[in-house]
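Peer 1: What would the 3D arrangement of this be:
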Amino acid sequence: MRRALALLVALALGAPAPALAQEPQTNLADISDEVMCTVCGVPLELALDAPQAEAERDFIRELIGEGRTKDEIKDALVAEYGENVLAVPGTEGFDLAAWLIPIAAFLIAACAIGIALRRWRRKDGPAEPPQGPGTPADPEASARLDADMALYEP
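Peer 2: Numbering: from 1, shown residues only. Take a look at the predicted model:
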């Protein structure tokens with residue numbers, strides 16, 4: 001009797017594990033922002049009245065009805081419509097530039113800002129002491145000033 005009870009408890013506790021291991025059911029809204037209308041060239045969620053967009057949505061709904069996961073649906077869309085259906089660029093060839101150019105631009109901008117800050121801080125370094133009435137002036141500058149002042153005296 002105890003063995004049977006222990007077996008029932010073990011089965012009851014073990015039953016939710018397979019249910020938790022399954023991937024959650026996907027929906028159209030979850031996928032439509034990651035795929036494109038192949039005719040309009042905009043994300044499927046923005047292609048409102050295009051016949052091609054409706055055909056793609058119907059295809060996605062059919063796959064959701066079959067219980068497919070998000071990745072399986074994307075794979076089926078690529079098989080049906082080609083690589084252009086994905087909103088995320090690929091990682092090979094020319095599509096790789098869509099990933100690398102923004103990263104390179106960010107790094108260049110960060111370096112430029114760093115260099116500019118370093119130069120700006122150097123300019124704000126110790127300044128020359130102010131020249132006031134009690135401070136001795138440069139003798140050459142004094143001589144030039146006296147010569148210029150003599151031109152304006154009557």
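Peer 1: What ranges does this structure have for its helices?
Peer 2: 2-14, 16-21, 28-32, 51-65, 70-81, 97-123, 139-152 (DSSP state H).
Peer 1: quick one: contacts of stretch 46-55?
Peer 2: 37, 38, 39, 40, 44 (C-beta atoms under 8 Å, 6 or more residues apart in numbering). Just so you know, the C-beta spots here come from the backbone N, C-alpha and C atoms, and that holds for glycine as well.
Peer 1: Sort out which residues of it are buried, please.
Peer 2: 47, 50, 53 (16 or more other C-beta atoms under 10 Å).
Peer 1: Using CSV, write out every CA atom in that stretch.
Peer 2: Below are the C-alpha coordinates for stretch 46-55, written out as CSV (Å, rounded to 0.1, in the frame of the first residue of the first chain):
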residue,chain,number,x,y,z
LEU,A,46,2.4,47.5,-40.6
ALA,A,47,1.3,46.1,-44.0
LEU,A,48,-2.4,46.5,-43.4
ASP,A,49,-4.4,45.9,-46.6
ALA,A,50,-1.9,44.2,-48.9
PRO,A,51,-3.1,40.9,-50.3
GLN,A,52,0.4,39.4,-49.9
ALA,A,53,0.5,40.4,-46.3
GLU,A,54,-2.9,38.8,-45.7
ALA,A,55,-1.6,35.6,-47.4
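Peer 1: So for it, mean pLDDT?
Peer 2: What stretch 46-55 shows for mean pLDDT is 83.
Peer 1: Could you do stretch 120-131 as well?
Peer 2: 66.
Peer 1: count of neighbours near residue 78?
Peer 2: Other residues near residue 78 come to 14 when the count uses other C-beta atoms under 10 Å.
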